[in-house]
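>>> Sharing a model that was predicted from the sequence below.
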Amino acid sequence: MTFQQKLIIITVLAALIGVAVLMRTSASTSSPGRVTSRFGGIVAAWLAVVAGALVVVGIVSDTFLRHLIQVAPLIVALGLLARQSAWGVSAAAPLFAFWFLVMCAIWLFLLGVARIFTGTFTVAEITLTVVIGVACLFGLGTASRREPTIPFVARLGTIAAFAVLQFGAMWLSVQPFITRR
């Protein structure tokens, strides 16, 4: 199986997890289009931890440009959350799921269980995979507790769009014209 095929599977699973996390269908009438600052702020904090840890991985592994491209969707979702847009939580859910699945694939490789993704990992990088994985779990948990304020179909569209955006960023980051820099 190619890297791209594995990436497609992870993207589809991330979108499905995002849908499962944000499954509630009752839309709040109190503040349409806005996310409560308590949960939106916490989701943003966990998203920032994931993005920051990925950038640090890029620094310690000398793959900064690759990781900067990979965090672009997280930055867009952070921008939505900074505006207190309800779209931000829906955008964040598949991103948390995507990166958690990638971290699980790395852990399975390190434990000798599966070779989904392979490579050599320093102690710092392994530590950062744990930080990213934990932040993703807490981010998904926080996102699941917030009251939905946009229609279910809009949430589905946002989840799908950000899952595809993350796939595109990941695919772009491993292209030869990026990896040779």
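Sure thing, it's come through. Residues are numbered from 1 along each chain as shown.
>>> Would you check that residue 169 makes contact with residue 72?
Yes: at 5.1 Å, residue 169 and residue 72 qualify as touching, with contact defined as CB atoms under 8 Å. Bear in mind the C-beta positions are built from the backbone N, C-alpha and C, glycine included.
>>> More neighbours: which of those two?
Comparing residue 169 with residue 72 by other CB atoms under 10 Å, the one with more neighbours is residue 169, at 20 against 16.
>>> got the contact list for residue 48?
Contact partners of residue 48, counting by CB atoms under 8 Å, 6 or more residues apart in numbering, are residue 78.
>>> which secondary structure element contains it?
In this structure, residue 48 sits in helix 37-60 according to DSSP states H and E.
>>> Just the buried positions in that helix, please.
Residues 39-40, 42-44, 46-58, 60 are the ones in helix 37-60 that count as buried (16 or more other CB atoms under 10 Å).
>>> what helices or strands is the worst-scoring helix or strand of the chain on mean pLDDT leaning on?
Taking mean pLDDT, DSSP states H and E as the measure, helix 176-179 is the helix or strand of the chain with the lowest mean score, a mean of 86. Secondary-structure packing of helix 176-179 (3 or more CB pairs under 8 Å, 6 or more residues apart in numbering; DSSP states H and E): helix 64-70.
>>> right, and the helix or strand after the helix it packs on?
Downstream of helix 64-70, the first helix or strand assigned by DSSP H and E is helix 72-82.
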